[in-house]
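Colleague: have a look at this prediction, sequence included:
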Amino acid sequence: MTTASRRNFLKGAAVAGGGLLLGFSWFDTEAGAIEAVPAVGGAASAVGFNSYLSINPQGVVTILSPNPEVGQGIKTAFPIIVAEELDADWTKVVVEQAPLDTKKFERQVAGGSGSIPHSWTRLRQAGATARQLLLTAAAKRWNVPVADCSTTPGYVVHTATNRKLSYGDLATEAAALPVPTNVPLKRPADFKLIGQTIKNVDNPGILTGKPLFGLDVYRDGMLFAMLQRPAFGYTLTSVDSAAAKAMSGIVDVVTFDNNVAVVGKSTWQVKKAKDALKIEWTKTDTTESTADHNRLFREMLDGDKATVRRKDGDVDAAFKGAAKVVTAEYQCPFLPHNPMEPMNFFAHVRSDGAELIGPTQTPELARNETAKLLGLPPESVTVQLTRMGGGFGRRLKADYALEAVQVSRLVKAPVKVIWSREDDMTGGSYRPAVRYRFDAALDAQGNMIGYKLRGASINAGNATREDNFPAGAVDNLLIDSVDHKSSITTGPWRAPITNFLAFAEQAFLDEVAQAAGKDPVQFRLDLLDRAKQKPAGAVKYDVDRMKGVIQLAAEKAGWGTKKTVAGKPVVQGFSVYFSHRSYVAQVGEVVMQKDKPVLHKVYSVADCGVVINQSGARQQVTGCIVDGIGHAMYGRLTFKDGIPDQHNYDTYRLIRMNEIPAVEVHFVQNEIDPTGLGEPSLPPAGAAVANALYKATGKRVRSQPFVEDDAFKGVLS
């Protein structure tokens, strides 16, 4: 892949005598918003444009990718979509990371699994319009009807004579033509690139250590900074920095907003000086411990202050007349994000503005918060995006970017703030802790006639998704929530809310199916049939798509058949969930070895609409499953007087390589526009494993992490 910068590309285009520069609007999906202009003197008119597709005389297609790359493969998927409609030669397609530019781009965000759904039509129209211009240019040169021409990758072909011209040969002529409107898009059946297996465009740079990430950023005169932050509920009393300032390479020690920052010439020097600081903190009455949270959960579940989120039918009457009632509580702890690349950001604050560079999922937030802090207009702050070594929602916040801004302003120099792993784990923004109480009412035939869910949470707001399945499938339903506001900072964690809610809901549905004497898969299918044939209130999910993934997962996993591994019987657990506009069903398989349950395999079926890149899609699903089961089985963050008990990987357990099961991924083939994929496969993973563990051992796990649940202490390693 060509790695020339956009500026150098434009210079090259000018030297080569021009080319086609196609701008397209990220705000308007109408073809009329697209306009072609010739590249002249290394520049081109861009009035009303928000992003640019370019074709140079050598046939190289370049697209500026506005969305942050957090590992979801967006820098590969975007150009695949454009190249598909353009019928481009993939070896000549280049994508470059665009800086923040709210005048040109819309939704420069990596979050909510929304990048592809948002840009799908826009990118297709850009490619299709460019292709039509090239067809028209070739037809004019040959003096033949456009209908007599077609394209093959990188070329326009005259069908009757087999003459052909390369896109590079036609680019300049095409730029002078009127831009067509209402250009037809390809039928999915005609896709050549979309749906194939294509390598990530950043692979060469990653494998050869190119400077792609925030930690790679360096500027002449740049200083390094590390911060000592307070524990939750503490205020800064005093700082003795004399020893730190006397150490080699240290430039200054500054304080701001309850933080102490050490600034120096290298990361190691700064870290050693930070350890030498003598700081006194004052404990406030807002400090909390895990024991406090357990008490609060009980009070919230038993109290009468919950907010009703959804109510269908007469719940009290359903439970009063029930033949059987099933009740259970499920709990999920705080979790740190722990991206492989710890928090870091570069800032250079000047009197007239600021330059920001770093890994952020929300560059506009970083810019706006910086402008507000400095009292400057937002347009005086520039933000350049780097690739992220993981984010999982942590980099949706701008706190670490603002720290770099604060330090740069105080020391009057360009600064890169770097967090250590301990900083990342103890001073971060966590997944909220939640406890759920479920109640299900069954009639004499084992039909679920009543359903209640209360979500009690610490800093989660509404810990439910009141319109998700089984809502709409139960005549009498009550879902409410209650939340405690804590000094412990929380925020989105991959597949927010559903990452723990799905475990609890899907494990509880297995409990209900068992009490009803029904197969867990069939129990869910029966509920979905009910939602389809006689819905109870609004049904805000696609019943047929959910049934489709359930049935295909059961088929692929051989649900209900006898299976063995090395002579040991295989037991299976099932789970299905809808989130981020996609549907995912999973089957977890467990084998007993030496009287201990071992996770053997996970089957996953996803309906996410059209799959752009098989390679990237399979990696996203597999990564979600590993992330989901790893944290469900092992992850936990606890507190004592506002201080996290776990500080690094020696005390915080992650899944290990030899514990990762085989993963078999399948996608439902359809022509639905793409929906989310970076998150939807994580929520059902924990329940698929929990339900398999129950069938293997007879022990029901209701708390995460599984290794700390009373049922499995000493059983799971």
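Modeller: Done, it's in.

Colleague: pLDDT weak spots in this protein?
Modeller: Applying pLDDT under 70 to the chain flags the ranges 1-52, 717.

Colleague: longest single helix anywhere in it?
Modeller: When the chain is parsed with DSSP state H, its longest helix is helix 115-142.

Colleague: before we move on, which element is Ala456 in?
Modeller: Using DSSP states H and E, Ala456 falls within strand 448-458.

Colleague: what do you get for Gly71?
Modeller: Using DSSP H and E, no helix or strand contains Gly71.

Colleague: surely it and Gln361 touch.
Modeller: No - counting by C-beta atoms under 8 Å, Gly71 sits too far from Gln361 to count as a contact (10.8 Å). For the C-beta atoms, the positions are set from N, CA and C on the backbone; glycine is no exception.

Colleague: dump the strand holding Ala456 to PDB, restricted to CA.
Modeller: Extracted in PDB, the C-alpha atoms of strand 448-458 (Å, rounded to 0.1, in the frame of the first residue of the first chain):
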ATOM      1  CA  MET A 448     -43.800 -17.500  31.400                       C
ATOM      2  CA  ILE A 449     -46.800 -15.200  32.200                       C
ATOM      3  CA  GLY A 450     -44.900 -12.600  34.300                       C
ATOM      4  CA  TYR A 451     -41.500 -11.100  34.400                       C
ATOM      5  CA  LYS A 452     -39.800  -8.600  36.700                       C
ATOM      6  CA  LEU A 453     -36.400  -7.100  36.600                       C
ATOM      7  CA  ARG A 454     -34.800  -4.500  38.800                       C
ATOM      8  CA  GLY A 455     -31.400  -3.100  38.100                       C
ATOM      9  CA  ALA A 456     -29.500  -1.600  41.000                       C
ATOM     10  CA  SER A 457     -26.300   0.200  40.000                       C
ATOM     11  CA  ILE A 458     -23.300   2.300  41.000                       C
END
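
Colleague: what sits up against the following helix or strand past that strand?
Modeller: Sequence order places strand 476-484 as the next helix or strand after strand 448-458, per DSSP H and E. If you take C-beta atoms under 8 Å, 6 or more residues apart in numbering as the criterion, strand 476-484 is touched by 293, 296, 300, 303, 305-315, 317-319, 441, 449-464, 466, 470-471, 536-537.

Colleague: tell me which strands and helices the helix or strand that comes right after strand 476-484 is in contact with?
Modeller: Next along the chain after strand 476-484, taking DSSP H and E as the criterion, comes helix 498-516. Applying 3 or more C-beta pairs under 8 Å, 6 or more residues apart in numbering; DSSP states H and E, one finds that helix 498-516 contacts strand 324-332, strand 433-442, strand 448-458, helix 520-533, strand 568-579, helix 685-697.

Colleague: go through helix 498-516 and flag the buried ones.
Modeller: 498-514, 516 (16 or more other C-beta atoms under 10 Å).

Colleague: phi, psi of the residue of the chain positioned farthest from its centre?
Modeller: Most distant from the centre of the chain: Asn143, at 50.2 Å, with distances by C-alpha atoms, centre = their mean. Main-chain dihedrals, Asn143, degrees, to the nearest 10: phi 60, psi 50.

Colleague: roughly how far apart are it and His158?
Modeller: As defined by C-beta to C-beta, to the nearest Å, Asn143 lies at a distance of 10 Å from His158.

Colleague: likewise for Ala516?
Modeller: From Ala516 over to His158 the distance is 67 Å, taken as C-beta to C-beta.

Colleague: pull out the buried residues from the helix or strand just after the longest helix of the chain.
Modeller: Once helix 115-142 ends, the next helix or strand along the chain (criterion: DSSP H and E) is strand 149-152. Using 16+ other C-beta under 10 Å as the burial criterion, the residues of strand 149-152 that qualify are 149, 151.

Colleague: for strand 149-152, name the packing helices and strands.
Modeller: helix 115-142, strand 155-158.

Colleague: so which of the ones you listed comes closest to Ala347?
Modeller: helix 115-142 (25.8 Å; C-beta to C-beta).

Colleague: check which helices and strands that closest one sits against.
Modeller: Counting contacts by 3+ C-beta pairs under 8 Å, 6+ apart, helix 115-142 packs against strand 20-24, strand 35-38, strand 51-55, helix 74-86, strand 149-152, strand 155-158, strand 163-166, helix 167-175.

Colleague: distance to Lys485 added to these, as CSV?
Modeller: As requested, the helices and strands packed on helix 115-142 are exported to CSV (distance: least, C-beta to C-beta, whole Å):
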stretch, distance to Lys485
strand 20-24, 44
strand 35-38, 50
strand 51-55, 40
helix 74-86, 34
strand 149-152, 59
strand 155-158, 62
strand 163-166, 62
helix 167-175, 57
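
Colleague: between the ones you listed, which one is closest to Ala401.
Modeller: helix 74-86 (20.4 Å).

Colleague: just want the angle from whichever helix or strand comes after the closest one to helix 74-86.
Modeller: Sequence order places strand 93-97 as the next helix or strand after helix 74-86, per DSSP H and E. In terms of direction (axes from the mean of the first three to the mean of the last three C-alpha atoms, to 10 degrees), strand 93-97 departs from helix 74-86 by 140 degrees.

Colleague: how far off centre is strand 93-97?
Modeller: Chain-centre distance of strand 93-97: 21 Å, with C-alpha atoms, centre = their mean, to the nearest Å.

Colleague: give the partner strands of it in its sheet and their orientations.
Modeller: If you go by DSSP bridges, strand 93-97 pairs up with strand 61-65 (parallel).

Colleague: using PDB, list the CA coordinates for the partner strand.
Modeller: C-alpha atoms of strand 61-65 as PDB (Å, rounded to 0.1, in the frame of the first residue of the first chain):
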ATOM      1  CA  VAL A  61      -7.300   6.000  -5.200                       C
ATOM      2  CA  THR A  62      -7.000   7.800  -1.900                       C
ATOM      3  CA  ILE A  63      -9.600   8.400   0.700                       C
ATOM      4  CA  LEU A  64      -9.300  10.400   3.900                       C
ATOM      5  CA  SER A  65     -10.800   8.300   6.700                       C
END
